[in-house]
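Q: Only the shape, not the letters, is given here:
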């Protein structure tokens, strides 16, 4: 899975048209920031233990990532 940054939907569409790639999830920078804050806030803690599937789904739900791309 790769992460690409584009300045606009048009730039994304142009890039997709020139690549052998399919469109995945598209996030705004603010949503990406919210996700990263929830995902990595305790990653360096000595007592970090990972997440259950339910915890991951809860993070996605909290920031309204509910499309089929985000369901496991």
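A: Cool, the structure landed. As the structure is a prediction and not an experimental result, all values here were calculated from the model. Numbering: from 1, shown residues only.
Q: what secondary structure does residue 35 sit in?
A: What DSSP: H, G, I helix; E, B strand; the rest coil gives for residue 35 is helix.
Q: The helix or strand containing residue 61: how far from the chain's middle?
A: Element membership for residue 61, per DSSP states H and E: helix 53-62. Mean-position distance between helix 53-62 and its chain equals 12 Å (C-alpha atoms, centre = their mean, to the nearest Å).
Q: Which strands or helices does it pack on?
A: When contacts are defined as 3 or more C-beta pairs under 8 Å, 6 or more residues apart in numbering; DSSP states H and E, helix 53-62 packs onto helix 29-40. Where you see a C-beta, it was placed from the backbone N, CA and C, and this is true even at glycine.
Q: Excluding its own residues, what touches the helix it packs on? List them.
A: 27, 59, 62-65 (C-beta atoms under 8 Å, 6 or more residues apart in numbering).
Q: returning to what we had before: can you list the neighbours in contact with the helix holding residue 61?
A: With C-beta under 8 Å, 6+ apart, helix 53-62 has contacts from 35, 38-39, 51, 66, 70-72.
Q: if we go to 7 Å?
A: Helix 53-62 is contacted by residues 38-39, 70, 72 when judged by C-beta atoms under 7 Å, 6 or more residues apart in numbering.
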